[in-house]
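Asks: my questions concern the predicted model and sequence given below.
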Amino acid sequence: MASTAAVAAPASSSSLCKLHLQSQFHGQQSGLGSCGARQQQGESLSALLLRVNGQHCSSSSGGVGRGGFGIGRRAVVVCKVAPGKKTVVIGLAADSGCGKSTFMRRLTSVFGGAATPPRGGNPDSNTLISDTTTVICLDDYHSLDRYGRKEKAVTALDPRANNFDLMYEQVKALKEGKSVEKPIYNHVSGLLDAPETIDPPKILVIEGLHPMYDERVRSLLDFSIYLDISDDVKFAWKIQRDMAERGHSLESIKASITARKPDFDAYIDPQKQYADAVIQVLPTQLIPDDNEGKVLRVRMVMREGVKYFEPVYLFDEGSTINWIPCGRKLTCSYPGIKFFYGPDTYYGNEVSVLEMDGQFDKLDELIYVESHLSNISTKFYGEITQQMLKHADFPGSNNGTGLFQTICGLKIRNVYERILAEGSTVLEGAKV
Ligand SMILES: Nc1ncnc2c1ncn2[C@@H]1O[C@H](COP(=O)(O)OP(=O)(O)OP(=O)(O)O)[C@@H](O)[C@H]1O
Ligand SMILES: O=C(CO)[C@H](O)[C@H](O)COP(=O)(O)O
C-alpha cells in the first residue's frame, strides 16, 4: 500500500493548512504536501507539521505523530496557521535602576541565547536582540528629549514626555508581523537619534516606565510583569550603581529620587494593578530594624485566572504555608530563610503570593526548595537551580529576586509556547 499525504496549501497565511496522511508502516509515515513540505523517511508526523507550519504546529500536533500511525491507519490533521508570524508581547514595567536589565538577561538565558544590540546599528541603541527575543526599551518613545523636558519642566515619567500613539502603533505592527522604524532615545546625549529598524521577533519584550500605562498598549500584552522595588531598596541599589559606576554624588542621587517621586507615584506605580505578576522587593523581616538593606524579603504576587498562566505554589495549592527550609538539606546562616505561600487579594483581584525572606548560603542547595515548588514550568528537574547557578554572578542570585525572576522567565517561555500551540489545532485524527 502506497503512502500518501496531502497538505493543502494555505490560500493566505491566515488560512487553514490541511494535511492528510496515510501510512503503510508502523512508525514510518510518509507524506507530501503542497504547503511546501515533503515528509521524509523516518520523519514523524509531528516533525513534518513543525516544518509545514513553522512554529505554529509544534505542540498540539505532537500527540498525533507520537506512536506512529500503524498499518491501515489514516489521519487528517488540520492546522491553523496564525496570520504571518505571531509575535508574543511581554510587558515589563519598573522604575529606572530597579533590575530590568538583570531580569532581561535572565529571561534571554532561559531561551538559551545571549542578547546583543542590533548588529551594525547605532552603538547607543537601547534594543537587545537574541534568537527568540527582542527587547525594546520604551525610553525610545520619549517625545521630549532631555532639553525639551528641562524647558517644559516635566520628567521622563510624565506621559506628556512620551509618545503613546507611536508606541501603540509600533507594538501593534510588530505583533502583526510587520517591521517598524523605531526611534532611539540616546541616553548618552539625551537626544532622539535616527530610528532603527525592528523586525517582528518570536517574543517582543517592551520594558520601561510605561508598558501598562496606555490602555491600547496594555491590550496588546500577552503577559505583564511589574518590578515593585520599595523605596529603601531602590535607594540602596541606586547608590550602589550610580555612585560606583556612573560617578554621581550621594546628594544628586537623593535629589533625583525625590524629584521623580511625585510622577512615579502618579504614573508608574499604578501600573502594578494591571500586571499578571508583580515582584515586590522589601527589606527583610528576619533582622529587627535592619538598615543595611542587604537581606531582602521578596514576594511574587501572581494573578489568578490569567490565560496561559497558572500561579506557582508551595506544597499544596490554595493553602497557606509558612516554611523554614533550613535544616539537613539547606544550609542557612544568620538570619536564615523563610518562605510563605498563600492566597490574597491585590487591587481587588484574587492572587497567590509566594514569598522568600533571606538568602541562600549555597546556591546548589536551591534544588531542595525547587523540588517543593509546583507549576514552575520547567522542562526538566532542577532547571531553576541550573539557571540560577549559571548566573550566580548576577545581582540577586542568592535571594528571592533572582529566584522569582528566573521563575517568571520560565513562565514567559510557557506562555509563549502555549500561544504558539494554540495556533495549531488537531481537528481530526481518524482510524480507517
Ligand atoms: N536583585 C538585585 N539585587 C541587588 N542589587 C540589584 C538587583 N537588581 C539590580 N540591582 C542593582 O541595581 C542596579 C540596576 O540594575 P539594572 O541595571 O538591572 O536596572 P534597570 O532597571 O535596567 O536600570 P536602568 O533602567 O536605569 O538602566 C544594578 O547595577 C545593581 O546594582
Ligand atoms: O527614567 C528613565 C528611564 O530609563 C530615564 O531617566 C529617562 O529615560 C531619561 O533618561 P536620561 O536621564 O538619560 O535623560
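Replies: On my side now, so go ahead. Ligands and ions are numbered 1, 2, ... in the order given.
Asks: helices or strands up against the host helix or strand of Phe103?
Replies: Phe103 is part of helix 100-110 when elements are defined by DSSP states H and E. Where contact means 3 or more CB pairs under 8 Å, 6 or more residues apart in numbering; DSSP states H and E, helix 100-110 is packed against strand 88-93, strand 133-137, strand 203-208, strand 223-229, helix 383-390, helix 400-422. Placement of C-beta: from N, CA and C, glycine included.
Asks: okay, the fifth one in PDB with CA atoms only?
Replies: Extracted in PDB, the C-alpha atoms of helix 383-390 (Å, rounded to 0.1, in the frame of the first residue of the first chain):
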ATOM      1  CA  GLU A 383      16.100  23.700  35.700                       C
ATOM      2  CA  ILE A 384      15.600  26.700  38.000                       C
ATOM      3  CA  THR A 385      18.700  25.700  40.000                       C
ATOM      4  CA  GLN A 386      20.700  25.300  36.900                       C
ATOM      5  CA  GLN A 387      19.700  28.800  35.600                       C
ATOM      6  CA  MET A 388      20.500  30.400  39.000                       C
ATOM      7  CA  LEU A 389      23.900  28.600  39.100                       C
ATOM      8  CA  LYS A 390      24.700  29.700  35.600                       C
END
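Asks: which parts of that helix are buried?
Replies: Buried residues in helix 383-390, counted by 16 or more other CB atoms under 10 Å: Glu383, Ile384, Thr385, Gln386, Gln387, Met388.
Asks: could you give the number of residues near the residue lying closest to Arg146 once chain neighbours are set aside?
Replies: Using CB to CB, 6 or more residues apart in numbering and skipping residues adjacent in sequence, the residue nearest Arg146 is Gly190, 2.9 Å away. Counted with other CB atoms under 10 Å, the neighbours of Gly190 add up to 14.
Asks: so Gly190 sits against Tyr147, correct?
Replies: Yes - with contacts defined as CB atoms under 8 Å, Gly190 counts as touching Tyr147 at a distance of 6.7 Å.
Asks: quick check: domain ranges of this protein?
Replies: Here the domain parsing of the chain from automatic domain parsing is 5-84, 276-387+412-422.
Asks: ok so, going back, would you turn the buried residues of helix 383-390 into CSV with pLDDT and distance to Asp124?
Replies: Below are those laid out as CSV (pLDDT from 0 to 100; distance: CB to CB, whole Å):
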residue, pLDDT, distance to Asp124
Glu383, 97, 35
Ile384, 97, 35
Thr385, 97, 37
Gln386, 96, 34
Gln387, 96, 30
Met388, 96, 32
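Asks: closest to ligand 1 among those?
Replies: Met388 (11.9 Å; CB to the nearest ligand atom).
Asks: isn't the closest one up against Gly402?
Replies: Yes - using CB under 8 Å, Met388 is in contact with Gly402, at 5.8 Å.
Asks: how much space between Asn322 and ligand 1?
Replies: 24 Å (CB to the nearest ligand atom, to the nearest Å).
Asks: quote the end-to-end distance of stretch 243-255.
Replies: 13 Å (CA to CA, to the nearest Å).
Asks: residues touching Pro201, list them.
Replies: Thr87, Ile129, Thr132, Thr133, Thr134, Leu174 (CB atoms under 8 Å, 6 or more residues apart in numbering).
Asks: apply 10 Å and report the result again.
Replies: 85, 87-89, 129-136, 174 (CB atoms under 10 Å, 6 or more residues apart in numbering).
Asks: for the residues you listed, give me a markdown table that also has pLDDT, neighbour count and distance to ligand 2.
Replies: Output for those, formatted as a markdown table (pLDDT from 0 to 100; neighbours: other CB atoms under 10 Å; distance: CB to the nearest ligand atom, whole Å):
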| residue | pLDDT | neighbour count | distance to ligand 2 |
| --- | --- | --- | --- |
| Lys85 | 64 | 16 | 30 |
| Thr87 | 95 | 24 | 24 |
| Val88 | 97 | 23 | 24 |
| Val89 | 98 | 21 | 20 |
| Ile129 | 95 | 22 | 19 |
| Ser130 | 93 | 20 | 21 |
| Asp131 | 91 | 12 | 26 |
| Thr132 | 93 | 18 | 24 |
| Thr133 | 95 | 23 | 19 |
| Thr134 | 96 | 21 | 18 |
| Val135 | 96 | 26 | 13 |
| Ile136 | 97 | 27 | 13 |
| Leu174 | 98 | 23 | 21 |
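Asks: between Met388 and Gly402, what contacts are shared?
Replies: Any residue near both Met388 and Gly402 by CB under 10 Å, 6+ apart counts here, and that gives Arg106, Phe360, Leu363, Leu366, Phe394, Gly396.
Asks: wait, Lys294 sits on Ile287?
Replies: Yes - with contact defined as CB atoms under 10 Å, Lys294 reaches Ile287; the gap is 9.3 Å.
Asks: what parts of the stretch 151-300 of the chain come near ligand 2?
Replies: Ala156, His187, Gly190, Leu209 (CB under 6 Å from any ligand atom).
Asks: for the nearest residue to Glu317 once chain neighbours are set aside, grab phi and psi.
Replies: Leaving aside its chain neighbours, Glu317 sits nearest to Ser374 (7.0 Å; criterion: CB to CB, 6+ apart). With angles defined as degrees, to the nearest 10, Ser374 sits at phi -120, psi 160.
Asks: since that was my last question, I'll sign off now.
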